[in-house]
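> okay, here's the prediction I keep looking at, along with the sequence it came from:
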Amino acid sequence: MAPAPNHDRQPSHAELKRWRRYLANERAEAAVYRDLAGRRTGTEREILLALANAEGRHEAHWLELLGDQVGHPQRGDLRTRILGFLARRFGSVFVLALAQRAESRSPYEDDDDATHTMAADERIHEEVVRGLAARGRSRLSGSFRAAVFGANDGLVSNLALVLGVTASGVSNETVLVTGLAGLLAGALSMGAGEYISIRSQRELLEAATPNPDAGSAVPHLDVDANELALVYRARGMSQTEAQEHADTVLGQHRQQRASSLADGASSDEYEAVGTGFKAAASSFCFFASGAIIPVLPYLFGLTEIAAVAVAAVLVGLALLATGAIVGLLSGGPPLRRALRQLAIGYGAATITYGLGLLFGTA
């Protein structure tokens, strides 16, 4: 626990500055949660307002430490101000993901002036925000995965293709035609592949979903000899649990209660998979948008090393952006994700460029 405020001791300038910064951040974070709550209803709204109230308790702690030395109101740090701006204008899962990351980076664990309770609060807040963001992430996962993979594949594959062909020494026109052909062929392939993948996954889920008509058989089963317990054992229950559940269902002998047989893939599971057409369209469009970037220098008439350098820089910036977005939405470190994307993309392009040089020389 942090010590109780000692008003007989004069805080140092560094302490006052740190406390004021914490106070400003707590006020800004509470405002973020209130702004998000304004865009929600029901339980989500109540949860966000409760988080805002919790930040108010932390604010009171720093006010008590500061006493009459609160000074002029300060603005929160840049990260919290950006989060507030996004919350006021969007209120989406993207903002919740940023809020989750902000809660995970609380400095209270290592600050003796913050209480253990405050540090524990921040850890719990992270889990609360993670839960609020989970459904949005589930809805995004199908189409978002297709979009990210499509854009990344377009960037990396077409950069590698363009650089490899350039290194072989062919004309600028040949490189341009090759790049555009790679864009179209890759986008069509990605769209078709994503559609087949999503449709296959949904069909597997549908195949695993119990037949809703099976429940109508329950009232007519022989109470002493039937296989209803085997249904529940096949779904993972122990023999005892399955038999008890089967006896309960048989005891009901009501159609609406027998509908428990139809429990299967939830709507959340289908949301996480996404739809075939939506995923295919996302994959096609984002692959094409990524694949056009390495071709742009050739479209504008650049050749050889100049075209290679510009294409590499443009693709590098795009890879950093896609990696950072994935990091933010997943609650992970955006810089690390961005650098990972960049390293993989440049690695593939470098190898292909080297092969182009080798075959061009040969």
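Here it is on my side, so go on.
> domains of the chain?
By the assignment in automatic domain parsing, the chain contains the domains 13-136, 141-205+273-361, 210-263.
> is residue 301 part of a helix or strand, or is it coil?
Residue 301 carries the three-state label coil when classified by DSSP: H, G, I helix; E, B strand; the rest coil.
> could you pull up the contacting residues of the closest residue to it other than its chain neighbours?
Spatial nearest neighbour of residue 301, excluding adjacent residues (Cβ to Cβ, 6 or more residues apart in numbering): residue 172 at 7.7 Å. The way it works is simple: take the backbone N, C-alpha and C, and place the C-beta from them, glycine included. Each residue near residue 172 by Cβ atoms under 8 Å, 6 or more residues apart in numbering is listed here: 298, 301, 303, 307.
> my guess is the last one contacts residue 166. True?
To tie it back to what came earlier, the one meant is residue 307. Yes. Residue 307 is in contact with residue 166 according to Cβ atoms under 8 Å; the separation is 6.8 Å.
> overlap in contacts, these two.
Common neighbours of residue 307 and residue 166 (criterion: Cβ under 8 Å, 6+ apart): residue 175.
> give me the more crowded residue out of these two.
A direct count of neighbours by other Cβ atoms under 10 Å for residue 307 and residue 166 places residue 166 higher, at 27 against 24.
> now that one. Nearest residue, chain neighbours left out?
residue 175 (5.3 Å).
> mind listing what the one you found touches?
162, 165, 166, 298, 307.
> quick one: it and residue 295, what's the gap?
For residue 175, the distance to residue 295 (Cβ to Cβ, to the nearest Å) stands at 9 Å.
> now for these two: what residues contact both?
Common neighbours of residue 175 and residue 295 (Cβ under 8 Å, 6+ apart) are residue 162.
> just the helices in the stretch 1-150 of the chain please.
Assigned by DSSP state H, counting those that start in this stretch, the helices in the stretch 1-150 of the chain fall at 13-37, 42-66, 78-89, 93-104, 116-167.
> nearest to residue 248, of those helices?
helix 42-66 (29.9 Å; Cβ to Cβ).
> now the closest one: mean pLDDT?
Mean pLDDT, helix 42-66: 87.
> buried residues in stretch 162-171?
Within stretch 162-171, the residues scored as buried using 16 or more other Cβ atoms under 10 Å are 162, 163, 164, 165, 166, 167, 168.
> what's the neighbour count on residue 281?
The burial count for residue 281: 18, using other Cβ under 10 Å.
> cool, and residue 239?
11.
> now it: closest residue in space, sequence neighbours ignored.
Per Cβ to Cβ, 6+ apart, closest to residue 239 is residue 233, 6.3 Å.
> ok, then the element right after the helix or strand hosting the one you found?
Residue 233 is part of helix 228-234, with elements assigned from DSSP states H and E. For helix 228-234, the following helix or strand on the C-terminal side (DSSP H and E) is helix 239-252.
> which secondary structure elements does that following helix sit against?
Judged by 3 or more Cβ pairs under 8 Å, 6 or more residues apart in numbering; DSSP states H and E, helix 239-252 is in contact with helix 228-234, helix 255-258.
> go with 6 Å
With contacts taken as 3 or more Cβ pairs under 6 Å, 6 or more residues apart in numbering; DSSP states H and E, helix 239-252 sits against helix 228-234.
> before I go, just wanted to say thanks for your time.
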